[in-house]
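1. Quick one, fold the following:
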Amino acid sequence: MQHGEGEAQAEFPSTLDAIGQLLEWFEQHRPGGLDDMVWIQAQTALMEGFTNAVRHANALLEPPPLVEVTLALVAGSLRMGIRDQGAPFDLETHLQAHAAEVEEPPGLDGLPEREAHWGVIILSRLQRDFGWSIRYEPLAEGGNLLLLEGPGGDS
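-> Down below sits the predicted model:
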């Protein structure tokens, strides 16, 4: 993600205990004129991306590296980036593998098995139902960048 004017950037400890700090920072940097529904979607995507960085990408690294988060409103789109230091991961294949759960979620009997994939379901729904662009790219210098881009809109 290129850093531009009006972009906010911060680093957070790789622990779920940092979620309050992350959400406070996120709220302080909310772009003006942003549709409330898009903001809620962005918070949901942010929480999912940060949680995955902490629980999966950075989980086995000692000491756990910081998670870098960026936020910007560019050309009418809300852009967020979440950078981790984990091994590469093919998010697109994972999204496709669980596409059926997005289309027809199993009943209550399937909840325990599905819990591990809720994040994929959430991200898939943001793409399909709300037009978000979601990519997870390995970085040449190591680590990965989850790029999330949603419509900006007016409130």
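
2. what bridges to residue 82?
-> On the basis of DSSP bridges, residue 82 is bridged to residue 69, residue 146.

3. list the buried ones in stretch 41-57?
-> Residues of stretch 41-57 classed as buried: 41, 42, 45, 46, 47, 48, 49, 50, 52, 53, 54, 57 (neighbour count, 16 or more other Cβ atoms under 10 Å). Every C-beta, even on glycine, is put in place using the N, C-alpha and C of the backbone.

4. any weak-confidence spans in the protein?
-> 1-5, 94-117, 153-155 (pLDDT under 70).

5. Let me have the buried residues of stretch 41-57 in a markdown table, adding distance to residue 15 and secondary structure as columns.
-> Shown next, in a markdown table, are these (distance: Cβ to Cβ, whole Å; DSSP: H, G, I helix; E, B strand; the rest coil):
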| residue | distance to residue 15 | secondary structure |
| --- | --- | --- |
| 41 | 25 | helix |
| 42 | 22 | helix |
| 45 | 20 | helix |
| 46 | 16 | helix |
| 47 | 14 | helix |
| 48 | 16 | helix |
| 49 | 15 | helix |
| 50 | 10 | helix |
| 52 | 14 | helix |
| 53 | 11 | helix |
| 54 | 6 | helix |
| 57 | 13 | helix |
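
6. Identify the residue nearest the geometric centre of this structure.
-> Geometric centre of the chain, nearest residue: residue 49, 3.2 Å, by Cα atoms, centre = their mean.

7. what's near enough to touch it?
-> 80, 82, 146, 148 (Cβ atoms under 8 Å, 6 or more residues apart in numbering).

8. in which helix or strand would I find residue 125?
-> helix 118-130 (DSSP states H and E).

9. Same question for that helix: list its buried residues.
-> 119, 120, 121, 122, 123, 124, 126, 127.
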